[in-house]
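Novice: Starting from these lines, generate the structure:
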Amino acid sequence: MKKSVEIVKFKQMYNFIIFLLTKSCSEIPLEKINKELRNYVITGICECISDENDEFYGKCCGTFYLTSISKEEGIFSADDYFLFFSNIGIFIFHSDNKGHLKECEFFYESEYFPEFYLEILKEFKTDSGFENYMKYLKVNDVKLRTLTELKDIFKYEKTNVIEVE
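Specialist: As a prediction, this is how the structure comes out:
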């Protein structure tokens with residue numbers, strides 16, 4: 001059985017994604033981003049942190065997978081990805097062949113992990129899996145932050161990309 005949950009159920013994550021997309025895709029109007037995201041469901045989460053034995057490298061994975069229920073073309077470049085760096089982490093958005101987001105790879109610095117990601121974890125992990133994840137956060141002294149805190153301390157970092165042929 002494949003589980004999917006409307007992204008709007010996770011209001012703070014929904015607002016955070018809109019915040020990130022308006023920072024990184026300034027050419028796309030806010031209304032279009034809002035309209036696009038309302039048609040998404042979260043279909044899963046990354047399982048890279050599976051138990052308390054996982055090693056910690058200064059970044060906390062908060063990756064999740066999306067599917068659009070819209071039949072229309074999406075607003076993003078098809079079969080592409082875009083990434084950007086910030087003081088709170090690295091954010092990579094992947095799109096499918098219709099220009100809809102299909103994966104949000106979010107790697108947070110340990111002092112800036114969003115407390116609202118825990119709502120998504122509760123939906124997609126078993127009770128024991130969630131408990132293990134919470135142990136992982138505690139063992140690694142990960143700081144949970146609110147949406148307001150993350151928005152207030154967020155600084156977009158310019159990325160210089162060099163293409164090599």
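
Novice: Please give the element, helix or strand, for residue 75.
Specialist: For residue 75, there is no helix or strand it lies in under DSSP states H and E.

Novice: okay but it is in contact with residue 33, surely?
Specialist: Yes: counting by CB atoms under 8 Å, residue 33 is a contact partner of residue 75 at 7.1 Å. All C-beta spots, glycine's among them, are computed from the backbone N, C-alpha and C.

Novice: tally of neighbours for the nearest residue to residue 62 once chain neighbours are set aside?
Specialist: Ranked by CB to CB, 6 or more residues apart in numbering and with sequence neighbours excluded, the top spatial neighbour of residue 62 is residue 106, at 4.1 Å. Using other CB atoms under 10 Å, residue 106 has 25 other residues around it.

Novice: C-terminal to the helix or strand hosting residue 106, what's the next element?
Specialist: Taking DSSP H and E as the definition, residue 106 sits inside strand 101-109. Later in the chain than strand 101-109, the nearest helix or strand by DSSP H and E is strand 113-114.

Novice: Could you list the residues in contact with that following strand?
Specialist: 12-13, 16, 60, 62, 108, 137, 142-147, 150 (CB atoms under 8 Å, 6 or more residues apart in numbering).

Novice: one more time with 6 Å
Specialist: 60, 142, 144-145 (CB atoms under 6 Å, 6 or more residues apart in numbering).

Novice: Next, the buried residues of the helix or strand following that strand.
Specialist: Counting by DSSP H and E, the next helix or strand C-terminal to strand 113-114 is helix 117-124. Within helix 117-124, the residues that count as buried by 16 or more other CB atoms under 10 Å are 117-118, 120-121, 123-124.

Novice: swap in stretch 68-75?
Specialist: 68, 74-75.

Novice: contacting residues around it?
Specialist: Residues outside stretch 68-75 that contact it (CB under 6 Å, 6+ apart) are 28, 32, 36, 39-40, 98-100.
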